[in-house]
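Engineer: Kindly generate the corresponding structure for this input.
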Amino acid sequence: MGFFDIFQLAGLAFFLVVFLGRTVLLWLKQGINPFALGAGKKGLHRFFELALFPWLVFWLLAILISALHGPFRSIPAAWNPVLVNSLALKITGVLLIVFGDFVFVWALISFGNSWRVGIDEKKAGDLVTGGAFAFSRNPIFVFLDLFFIGTFLINGTLVFLIFAVVTVLGIHYQILQEEKFLAGKYGQAYREYCSRTGRYVGLKK
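Structural biologist: As a prediction, the model looks like this:
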């Protein structure tokens, strides 16, 4: 395995440890179940939230298969052509993921006990506007976008491009649904927050 393979495996390990660790701590110390995927939703919104977990699992498996270069590659090369393959793009992918990891950790710290996976309509936490959320209304979604795009740049294949494009579009759809919920939940406080903080970065929408 080369540097980029090891980096991808380390990146996966880091993500899983931080994600699962924060989940367990929130559950055990605060008695809060942060998973609200699909709860109380209907139609397309419910489908998108419930599809998130298997989508992430398939993506993680694709990274493992690519990084380990094992004989168990399931997708024929003819169906998964290399679209981009340059050292500069691979390094760019690494930098995007590293920066995304920083944003992820900062966002989890800023979230405190309000962190949820999905929209928790019954036990929503307090509105968080400080820390990472002073620069982005959706820092964890920014992290996911950077991680998926960075992974595509490192691998450069059609499969990872599909993962990246579908994820970015799916995340945008989820953000729009969350904005409707938050506007109804927090009212004027959320509208004022939106007026000074961008949906993705610190620029007003």
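Engineer: The lowest-mean-pLDDT helix or strand in the chain - contacts with which helices or strands?
Structural biologist: Ranked by mean pLDDT, DSSP states H and E, the weakest helix or strand in the chain is helix 43-68, scoring a mean of 84. Judged by 3 or more Cβ pairs under 8 Å, 6 or more residues apart in numbering; DSSP states H and E, the packing partners of helix 43-68 are helix 3-30, helix 139-155, helix 158-186. In short, each C-beta sits where N, CA and C put it, glycine included.
Engineer: low-scoring stretches of the protein, by residue?
Structural biologist: 32-41, 70-76, 118-125, 203-205 (pLDDT under 70).
Engineer: Report the inter-axis angle for the least confident helix or strand of the chain versus helix 139-155.
Structural biologist: Inter-element angle recorded for helix 43-68 and helix 139-155: 40 degrees (by axes from the mean of the first three to the mean of the last three Cα atoms, to 10 degrees).
Engineer: helices and strands around the helix or strand that helix 43-68 is followed by, which ones?
Structural biologist: On the C-terminal side of helix 43-68, the nearest following helix or strand under DSSP states H and E is helix 87-111. Counting contacts by 3+ Cβ pairs under 8 Å, 6+ apart, helix 87-111 packs against helix 3-30, helix 139-155.
Engineer: Which residues are in contact with I154?
Structural biologist: 4, 7-8, 89-90, 93-94, 97 (Cβ atoms under 8 Å, 6 or more residues apart in numbering).
Engineer: Adding distance to Y200 and neighbour count, write these out as JSON lines.
Structural biologist: Below are those laid out as JSON lines (distance: Cβ to Cβ, whole Å; neighbours: other Cβ atoms under 10 Å):
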{"residue": "F4", "distance to Y200": "26", "neighbour count": "17"}
{"residue": "F7", "distance to Y200": "25", "neighbour count": "19"}
{"residue": "Q8", "distance to Y200": "24", "neighbour count": "23"}
{"residue": "L89", "distance to Y200": "22", "neighbour count": "15"}
{"residue": "K90", "distance to Y200": "24", "neighbour count": "20"}
{"residue": "G93", "distance to Y200": "19", "neighbour count": "25"}
{"residue": "V94", "distance to Y200": "21", "neighbour count": "18"}
{"residue": "I97", "distance to Y200": "17", "neighbour count": "26"}
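Engineer: Tell me the one among the residues you listed nearest to T129.
Structural biologist: Checking these against T129 by Cβ to Cβ gives I97 as the nearest, at 26.5 Å.
Engineer: Could you check how many residues crowd around the closest residue to that closest one other than its chain neighbours?
Structural biologist: Nearest in space to I97, with sequence neighbours left out and distances taken as Cβ to Cβ, 6 or more residues apart in numbering, is G150 at 4.0 Å. By other Cβ atoms under 10 Å, 27 other residues sit near G150.
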